[in-house]
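Q: The following block contains a protein sequence and its predicted model.
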Amino acid sequence: MIDMALWIALALFCAAVVLNFYRAVVGPSLPDRILAVDTMYMNSIALIVLFGIWVDNKDYFEAALLIAMLGFVSTIAVCKYLLRGDIIE
Amino acid sequence: MIPPIRWLPMPVLSLLLLVVWLLLQQSVALGQWILGGVLAILIPVICRPFWERQPTIKRPLKLVGYFFRVLGDIVTANLQVSKLILDPRGRMRPAFVEYPLTLKESFPITILASTITMTPGTVSAHLRLDGKTLLIHALDVGDINALIDDIHQRYERPLLEIFES
Amino acid sequence: MLNTVIEGVIAFMLVAGGAFAFIGSLGLTHLKDFYMRLHGPSKTTTLGVGCTLIGSLIYFSQEDGPIVQELLITIFAFITAPVSAHMLAKSALHHKLKPDPRTRGNPVELESEKPKHTIEEAPQGDSPLP
């Protein structure tokens, strides 16, 4: 049962990443692209966790935690740059 | 002369740091307690100049109730937004709403803005510099005044009671 | 018996998470303007990833003792998602992205700025300098 669910979830997350990629390439404005990349890193966290379940190894959480923190900080930094033209005021 | 420092300026933050450290290390060995304790004391002391004012929680029990209410609303919000996105006819009534704030301190306003973003159909977009209006973008709203009233009754009043009363 | 129930819960969490994240990305792709697109990722994708993390938490907890690390990532995601959504909306307002024509309400931030001084209004003559 879990195998089946794992495959379905992996397929859905991969499709989500493809859709995000489409928006990141097409996106008419800069905030659109940032939003797409932001969503993409959220989805990649889930993909890494699913991979961890697949290989039955729980050490992948640290990678997921790192991606979560770095992704958040970089999104905020790029937004700051768009807002002020400067990151550290 | 060096001014005296209070060694525990933010007890809640210190406790939180210690708990997070122990959870991250997945162990309760003595060494982890000592290392976590040192970090939990040092980090708030270093960060102290960045905090303008300490938020004071007047009623912790109500905060727990608020947390569970928001948790329930997040699930509702997701079902609602999913329905709107999957609706093939795409009937949406987007609107910018200016929400008048009655909260005064910055920490409760931050919590309110985050709550508004996570709950049904609304994203907080901008806090005006005067700190009195919050610009909200709503995905599908019929009556703007009803929305403002709903947010006030459901989220802002409990926060007012918890933090400022 | 109990194992089957737990497996069912894990499977449900994984599939629900995947479905929510997919719907969020679908909204990101096909909604009309930026402010509407912001709704999908900020709510739906966060809950989707949260569901997946809780599913994996239950999966690894049933083998050897409770594990709470994933809960940290979940809490972190739920705290940070509104903040980044707020910052993105702010930068979109700063760039004055056009909202969908059906949008009601006209915030000051989106109006085009008028030049503050025209040349005629500029002070003339009577220069303070000799």
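A: It's in.
Q: residues in contact with stretch C:83-97?
A: With CB atoms under 8 Å, 6 or more residues apart in numbering or on different chains as the test, stretch C:83-97 has contacts from A:29-31, A:34-35, A:38, A:72, A:75-76, A:79-80, A:82-83, B:113-114, B:117, B:123-126, B:135, B:137, C:33-35, C:38, C:41-42, C:107, C:109-110, C:112. Bear in mind the C-beta positions are built from the backbone N, C-alpha and C, glycine included.
Q: Which ones among these lie within helices?
A: A:30-31, A:34-35, A:38, A:72, A:75-76, A:79-80, A:82-83, B:113-114, B:117, C:34-35 (DSSP state H).
Q: Selecting buried members of the contacts of stretch C:83-97 in ChimeraX, what would you type?
A: To isolate the buried ones among those in ChimeraX, judged by 16 or more other CB atoms under 10 Å in any protein chain shown, type:
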select /A:30,31,34,35,38,72,75,76,79,80,82 /B:113,114,117,123,124,125,126,135,137 /C:33,34,35,38,41,42,107,110
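Q: which residue ends up closest to the midpoint of chain C in space?
A: C:Ser42 (2.7 Å; CA atoms, centre = their mean).
Q: does that one really touch B:Val123, like I thought?
A: Yes. Assessed by CB atoms under 8 Å, C:Ser42 is found in contact with B:Val123 at 6.1 Å.
Q: what's the overlap in contacts for the two?
A: Common neighbours of C:Ser42 and B:Val123 (CB under 8 Å, 6+ apart) are B:Thr117, C:Ala85.
Q: Check the separation of the first and last residues in stretch B:45-57.
A: Using CA to CA, to the nearest Å, one end of stretch B:45-57 lies 20 Å from the other.
Q: do stretch A:22-39 as well
A: End to end - CA to CA - stretch A:22-39 spans 12 Å.
Q: Distance from that stretch to the middle of the chain?
A: Its chain's C-alpha centre and that of stretch A:22-39 lie 12 Å apart, by CA atoms, centre = their mean, to the nearest Å.
Q: So C:Leu97 belongs to a strand, correct?
A: No. Counting by DSSP: H, G, I helix; E, B strand; the rest coil, C:Leu97 is not part of a strand but coil.
Q: Against A:Leu30, how distant is it?
A: Going from C:Leu97 to A:Leu30 by CB to CB, to the nearest Å gives 9 Å.
Q: same deal with C:Leu72?
A: From C:Leu72 to A:Leu30 the distance is 31 Å (CB to CB).
Q: How about B:Leu84?
A: Distance from B:Leu84 to A:Leu30, by CB to CB: 26 Å.
Q: for A:Val55, same thing?
A: Taken as CB to CB, the span from A:Val55 to A:Leu30 is 37 Å.
Q: buried ones in stretch B:60-71?
A: In stretch B:60-71, counting by 16+ other CB under 10 Å, buried: B:Lys62, B:Leu63, B:Tyr66, B:Val70.
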